[in-house]
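1. return atomic coordinates for the entry below.
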Amino acid sequence: MNAMQVTEAGGDFKPVELDIPEPKNDEILIKVEACGICHSDAFVKEGTMPGIEYPRVPGHEVIGIIESVGEDVSKWEKGQRVGVGWHGGHCHECESCRKGDFINCENAKITGISFDGGYAEYMTAPETAVAGVPESLSSAEAAPLLCAGITTFNALRNSNLQPGDLVAVQGIGGLGHLGVQYAHKFGCEVAALSRGTDKKKLAEELGADHYIDTDATDASEELQKLGGAKVILATAPNSKAISSVVDGLSVDGTLMVVGAVAEPMEISPFQLIMGRKSVKGWPSGTAKDSEDTLDFSALTDITPKIETYPLEKANEAYERMINNEARFRVVLEVG
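-> Numbers count the residues shown, from 1 in each chain. I've put the predicted structure just below:
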């Protein structure tokens with residue numbers, strides 16, 4: 001099979017021919033149809049996550065068809081279309097798993113980091129990492145929902161929202177353009193926050209009721225004019241920008257951070273105390289959360305904006321993503 005592999009930290013994606021892997025007893029062999037390129041793939045390419053073994057095939061937004069299953073697999077069968085996201089399976093045996101907290105499993109795997117991912121024509125994955133894919137979603141459109149989609153969907157549905165609440169989505173990029181759609185379909189009043197006016201029309205088409213140009217106005221003041229946001233979904237990977245909007249929260253409002261960035265935020269205790277405000281973060285989710293995301297997206301006609309590349313152009317596609325030249329999501333179409 002053909003694959004794009006990173007052979008060392010800091011190296012490019014190299015085209016290689018590998019043997020098609022054999023699934024272990026608890027694994028599934030998937031013929032890959034599409035794999036999204038995510039900013040987290042930089043962990044593999046640059047070697048910034050401890051414990052990565054090279055060579056490694058990245059990719060954790062995978063959609064494909066089951067080619068075969070291991071002896072102990074009972075839920076899945078050949079021919080089903082499935083997805084594999086960031087959460088690469090859990091053990092069912094550790095203390096976290098016994099409590100049902102699979103995302104913090106002590107032996108959890110990460111797709112494309114703990115084992116080879118979807119920048120290849122075939123891959124294997126543990127049964128506990130696999131989600132079913134609705135027929136109405138194309139493979140290329142479904143792929144980004146396994147990271148950008150699940151991250152925003154899961155964060156919002158765990159924010160104690162009610163229909164009619166004001167939700168502000170900060171950043172209308174790869175994550176934010178999905179966050180606007182999910183908040184709208186949840187029945188919330190949606191304010192889109194972005195620099196300039198380039199994305200105003202699109203944000204409104206996606207379901208935003210208000211558009212706030214953060215270059216021209218103070219976003220917190222504008223949100224307070226609307227009554228204050230019950231939730232601000234911070235998707236922009238900029239700590240200073242995230243810190244600047246906390247005063248736009250309503251009483252008991254939550255700043256929900258999903259834009260992964262290493263720099264610290266600057267928020268004073270006084271800002272939180274006076275309005276009983278809180279700051280939370282949310283990871284992606286388990287395979288069940290992936291399936292919920294895909295099902296809800298299919299039911300409500302939510303799809304990501306994508307640009308596609310063939311597998312052999314993974315380097316070009318990755319550079320588009322990592323340099324913020326791609327407006328939304330980048331997907332490799334495989335096979």
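2. list the contacts for the residue sitting furthest away from the middle of the chain?
-> For the chain, the largest distance from the centre (Cα atoms, centre = their mean) belongs to Met274, which lies 32.6 Å off. Listed by Cβ atoms under 8 Å, 6 or more residues apart in numbering, Met274 has no contact partners. Yep, even glycine has a C-beta here, placed from its N, CA and C like the rest.
3. against Glu221, how distant is it?
-> From Met274 across to Glu221, the span is 16 Å (Cβ to Cβ, to the nearest Å).
4. mind jotting down where the strands sit in the stretch 201-335 of the chain?
-> Assigned by DSSP state E, counting those that start in this stretch, the stretch 201-335 of the chain shows strands spanning 210-213, 229-234, 249-257, 278-281, 306-310, 329-333.
5. and the ones you listed as JSON lines, adding mean pLDDT, distance to Glu189 and mean neighbour count?
-> Listed next are the strands of the stretch 201-335 of the chain as JSON lines, based on pLDDT from 0 to 100; distance: least, Cβ to Cβ, whole Å; neighbours: other Cβ atoms under 10 Å:
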{"stretch": "strand 210-213", "mean pLDDT": "98", "distance to Glu189": "8", "mean neighbour count": "20"}
{"stretch": "strand 229-234", "mean pLDDT": "98", "distance to Glu189": "9", "mean neighbour count": "28"}
{"stretch": "strand 249-257", "mean pLDDT": "97", "distance to Glu189": "12", "mean neighbour count": "20"}
{"stretch": "strand 278-281", "mean pLDDT": "94", "distance to Glu189": "20", "mean neighbour count": "14"}
{"stretch": "strand 306-310", "mean pLDDT": "97", "distance to Glu189": "27", "mean neighbour count": "16"}
{"stretch": "strand 329-333", "mean pLDDT": "97", "distance to Glu189": "26", "mean neighbour count": "24"}
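6. with distance to Gln181 added, can I get those in a markdown table?
-> Shown next, in a markdown table, are the strands of the stretch 201-335 of the chain (distance: least, Cβ to Cβ, whole Å):
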| stretch | distance to Gln181 |
| --- | --- |
| strand 210-213 | 15 |
| strand 229-234 | 12 |
| strand 249-257 | 16 |
| strand 278-281 | 21 |
| strand 306-310 | 14 |
| strand 329-333 | 13 |
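7. how about Gly281, nearest residue that isn't a chain neighbour?
-> Nearest non-adjacent residue to Gly281, counting by Cβ to Cβ, 6 or more residues apart in numbering: Val257, 4.7 Å away.
8. quick check: that neighbour touching Ile267?
-> No - applying Cβ atoms under 8 Å, one finds Val257 not in contact with Ile267, separated by 10.7 Å.
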